[in-house]
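# I would like to see how this sequence folds:
(one chain, ligands or ions: 3)
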Amino acid sequence: MTDLWQDAMDHAVSAARGAGQVVREALLEDRMVMVKSSSVDLVTQTDQKVEQLIIQSVKEKFPTHRFIGEESVAAGEPCVLSDEPTWIIDPIDGTTNFVHRFPFVAVSIGFSVNKQRAEPAGRASGPGQQRAGPAGPGQQLSRASGPSQRAGPAAEPLLAFLQVEFGVVYSCLEDKMFTARRGRGSFCNGDPLQVSEQKAIQQSIIATEFGSDRDPEVVDKIFSSLRNILCIPVHGIRSAGTAAINMCLVASGCVEAYYEIGMHVWDLAAASLIVSEAGGVLMDVEGGPFDLMSRRVIAANNRTIAERISGEIQAYAPARDDAAAPGADP
Ligand SMILES: O=P(O)(O)O[C@H]1[C@H](O)[C@@H](O)[C@H](O)[C@H](O)[C@@H]1O
Ligand SMILES: [Mg+2]
Ligand SMILES: [Mg+2]
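Ligands and ions are numbered 1, 2, ... in the order given. Predicted coordinates:
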């Protein structure tokens, strides 16, 4: 039987690897740093250049396919998922790390077709069961120099989920290519991945991020959740500075879970499949089904730990990624 998407996945791996080379080379030069939704939501010309390189390379091979790219959406493109083949691209996940040369920077490429409708709300996604402001010419904030110097959820009871067919996350400073194809497992540089077998959250490491919203009320919720989880107690809390790499650490069994509220579909699409194909669980922060467009996620090695984390999170609902889409529920 013809495998419709293997050619596309092979292209994604090649494009991510090529983009990683561009990122590594850019680290050796001065980088123009701009801002998006806040003064700490950074973007560089490399983010924009890498995204366009990936999109143009895909358009040459697959001219009818659609795109959701972080920097294209920031420049005003719609963030809409349909049944059409759609490439979901974060050209640099970990831009703040990139600006500071903190060595965790990823290129993330997810691919979705045929939106799936989830089970009735209340069930987490299980292994292999993946259910489901504009930066134009942003103002220049500062120049990050090279090495020598320094720079909620659709209201309807059934949530529409993506059919993520494959995911590619390239941690380009570690040279680790994380890949997953629906129903065929997850890999890092070709070696199979398996989530941690740890059952006790008290013997776990939990990853999270602090995002780029500095509203004191949001920060209070973030720290309240962090305090609750730290005091379970857990062995530790970690932040790689990139959602995609945090989730690949879950898939690799290095941390038991990752949660966050505020990241976006392009941070999650590829890595969500990498987690589920490594035997992990994806869930909404309030325990319901994972919804890629909700900007909320718990990715864990098992449901027990995911539910415990859900019970400790002070949840809130940022504007959905598809909130501006025609007919979308806010
Ligand atoms: O902007 P990039 O692509 O670097 O993505 C990161 C977000 O910026 C953070 O807010 C968020 O907390 C995550 O770290 C996410 O990976
Ligand atoms: Mg990102
Ligand atoms: Mg990014």
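
# ranges for the helices of the chain?
Applying DSSP state H to the chain gives helices spanning 6-26, 45-61, 70-74, 95-100, 216-230, 243-251, 265-276, 303-312.

# So whatever residue of the stretch 1-150 of the chain ends up closest to ligand 2 versus Ile109, what's the distance?
Across the stretch 1-150 of the chain, no residue is closer to ligand 2 than Asp93, which sits at 3.7 Å (CB to the ion). The way it works is simple: take the backbone N, C-alpha and C, and place the C-beta from them, glycine included. Distance, Asp93 to Ile109, by CB to CB, to the nearest Å: 10 Å.

# what do you get for Gly94?
For Gly94 relative to Ile109 (CB to CB), the value is 15 Å.

# With Gly241 instead?
Taking CB to CB, one finds Gly241 at 19 Å from Ile109.

# Between the two, which is the more surrounded one?
Taking neighbours as other CB atoms under 10 Å, Gly241 and Ile109 compare with Ile109 leading, 30 against 20.

# pLDDT at whichever residue of the stretch 101-250 of the chain sits closest to ligand 2, what is it?
Going by CB to the ion, ligand 2 is nearest to Ala243 of the stretch 101-250 of the chain, at 5.9 Å. At Ala243, the pLDDT value in this model is 98.

# Find the nearest non-adjacent residue to it, please.
Nearest-residue entry for Ala243: Asp267, 3.9 Å, with adjacent residues in sequence omitted and distances by CB to CB, 6 or more residues apart in numbering.

# Around ligand 2, pick out the residues from the stretch 51-200 of the chain.
Contact residues (CB under 5 Å from the ion) of the stretch 51-200 of the chain with ligand 2: Asp90, Asp93.

# could you list every residue that touches Glu71?
Val43, Asp47, Gln48, Glu51, Pro91, Ala135 (CB atoms under 8 Å, 6 or more residues apart in numbering).

# can you tell me how far it sits from ligand 3?
7 Å (CB to the ion, to the nearest Å).

# go on, Trp5?
Taken as CB to the ion, the span from Trp5 to ligand 3 is 24 Å.

# next one: Ile92
According to CB to the ion, Ile92 and ligand 3 sit 5 Å apart.

# Pro103 too?
Distance from Pro103 to ligand 3, by CB to the ion: 16 Å.

# what do you get for Gln21?
From Gln21 over to ligand 3 (counting by CB to the ion), the distance is 17 Å.

# Kindly report the same for Thr304.
From Thr304 to ligand 3 the distance is 32 Å (CB to the ion).

# Nearest residue to that residue in space, please, no chain neighbours.
Thr304's closest residue in space is Lys199 (CB to CB, 6+ apart), at 6.6 Å.

# ok, now which ones touch the residue in the stretch 51-200 of the chain that ligand 1 sits nearest to?
Residue of the stretch 51-200 of the chain nearest ligand 1, by CB to the nearest ligand atom: Thr95 (3.8 Å). Listed by CB under 8 Å, 6+ apart, the contact set of Thr95 reads Leu42, Val43, Thr44, Asp47.

# Give me the subset of the residues you listed lying in strands.
If you go by DSSP state E, the contacts of Thr95 have Leu42, Val43, Thr44 in strands.

# Closest one to Val250 out of these, please.
Distances from Val250 to these, taken as CB to CB, are shortest for Leu42 (24.9 Å).

# hang on, Pro221 packs against Ala317?
Actually, residue 221 is Lys. It isn't Pro. No. The criterion here is CB atoms under 8 Å, and Lys221 misses it with Ala317 at 11.1 Å.

# what about Tyr258, neighbour count?
Tyr258 has 29 neighbouring residues, counting by other CB under 10 Å.

# And the one 5 residues further on, by the same measure?
Other residues within reach of Met263, judged by other CB under 10 Å, total 22.

# and what of Lys61?
11.

# so it sits right up against Met9, yeah?
No. Using CB under 8 Å as the test, Lys61 is too far from Met9 to be in contact (11.9 Å).
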